[in-house]
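In: give me a model of this one.
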Amino acid sequence: MGDEAGEYLGFVGAGRMATALAGGVVRSGAWTAGRVLATDVSADALKKFTVATGAGAVNSVPELAERCGVIVVAVKPGQVGEALAPVSGLAAPRLLISLAAGVPLARLESHVPASFRVIRVMPNTPALVGAGASAYSLGARASGADAAVAERLLGSVGLAVRVPETQLDAVTGLSGSGPAYLCVVIEALADGGVAAGLPRPLALRLAAQTVLGAGRLVIESGEHPARLKDDVASPAGTTVEGLKVLEAQGVRSAFIEAVAAATRRSRELGQSFLP
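Out: Numbers count the residues shown, from 1 in each chain. Sure, this is the predicted structure:
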């Protein structure tokens, strides 16, 4: 489904992630701006959404649900129940896509009519610049056609992969939380450059571009990161000296443990949202 099928796409919540996704689908042509709507309790957020995307706005969740065949829930996890309460009496089938971190499919399905198909998504913040890494899981009633809609939506702002719901906590620990880890890396690399004599603005630009470029190199070359690392690490050269320090400081283990800790915390939070 998509705009060519005459279907409207609606966002419950018009914050930054909703704005990024709406802008992505409009740019990609998956939906035209005229068939994208949003509603939000904040008039300011709604205005920013419409200005940024060219999409429309409605005053309430019931109005949006009546008009939209695909509904994206883009609110905080604790607000999901309140956001979905107005659709409880809607009989017409709808596809509901939830961006609420940690809220399980079972919980989402308990808040909507039996006619609704549900998909749970774990996006990440680089979607704001079209470079997201999102994973999604299908609810019991969702179909392959529904998965194609999720791919179209999420693929408009980056990578979209389908996983079993049991893997979404690990996705949260890796790609959901990963941008924060890499911002620490960028900041630390820049600090090292400043300590070595570079102006801070230049050091930040070089560090950020280096992380961006390394990611693209892994994806586009198809090579294992270890092979690409070895390509840079000439015998007795500068890179090997730096790698020795990273290994001695346990940087590799620290990243592994960070992902594991975030995964455990995601699992704990998810348990609190179970029906």
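
In: residue boundaries of the helices in the stretch 151-275 of the chain?
Out: For the stretch 151-275 of the chain, helices defined by DSSP state H, counting those that start in this stretch occupy the ranges 168-171, 178-195, 200-221, 225-232, 238-248, 251-272.

In: please identify the deepest-packed of those.
Out: Ranked by mean neighbour count, the helices of the stretch 151-275 of the chain are led by helix 168-171 with a mean of 22 (mean count of other Cβ atoms under 10 Å). Using the backbone N, CA and C atoms, a C-beta is placed for each residue, glycine as well.

In: which secondary structure elements does it contact?
Out: strand 116-122, strand 132-138, helix 251-272 (3 or more Cβ pairs under 8 Å, 6 or more residues apart in numbering; DSSP states H and E).

In: name the residues that touch the last one?
Out: Meaning helix 251-272. By Cβ atoms under 8 Å, 6 or more residues apart in numbering, the residues outside helix 251-272 that reach it are 77, 101-104, 168-170, 172-174, 176-178, 181, 246.

In: just to revisit the earlier point, of all the helices and strands packed on helix 168-171, which one is nearest Leu189?
Out: Proximity to Leu189 (Cβ to Cβ) singles out helix 251-272 among the helices and strands packed on helix 168-171, at 11.8 Å.

In: any idea of the mean pLDDT in the closest one?
Out: Averaging pLDDT along helix 251-272 yields 94.

In: who's in contact with stretch 210-230?
Out: Leu182, Val185, Ile186, Leu189, Leu243.

In: let's see that with 7 Å instead.
Out: The list of residues contacting stretch 210-230 from outside it, by Cβ atoms under 7 Å, 6 or more residues apart in numbering, reads Leu182, Val185, Ile186, Leu189.

In: Arg205: which of those residues is nearest?
Out: Ile186 (10.1 Å).

In: ok, the contacts of stretch 210-230 vs Ala145, which is closest?
Out: Of all those, Ala145 sits closest to Leu182, with 34.8 Å by Cβ to Cβ.

In: so can I have a markdown table of the contacts of stretch 210-230 showing pLDDT and distance to Ser272?
Out: Formatted as a markdown table, the contacts of stretch 210-230 follow (pLDDT from 0 to 100; distance: Cβ to Cβ, whole Å):
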| residue | pLDDT | distance to Ser272 |
| --- | --- | --- |
| Leu182 | 98 | 28 |
| Val185 | 98 | 31 |
| Ile186 | 98 | 32 |
| Leu189 | 98 | 37 |
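
In: take those residues and lay them out in a markdown table including distance to Ala43.
Out: Formatted as a markdown table, the contacts of stretch 210-230 follow (distance: Cβ to Cβ, whole Å):
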| residue | distance to Ala43 |
| --- | --- |
| Leu182 | 35 |
| Val185 | 38 |
| Ile186 | 35 |
| Leu189 | 41 |
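
In: now the end-to-end length of stretch 65-80.
Out: Distance between the two ends of stretch 65-80: 15 Å, counting by Cα to Cα, to the nearest Å.

In: next: stretch 229-243.
Out: Taking Cα to Cα, stretch 229-243 runs 10 Å from one end to the other.

In: right, I'll leave it there.
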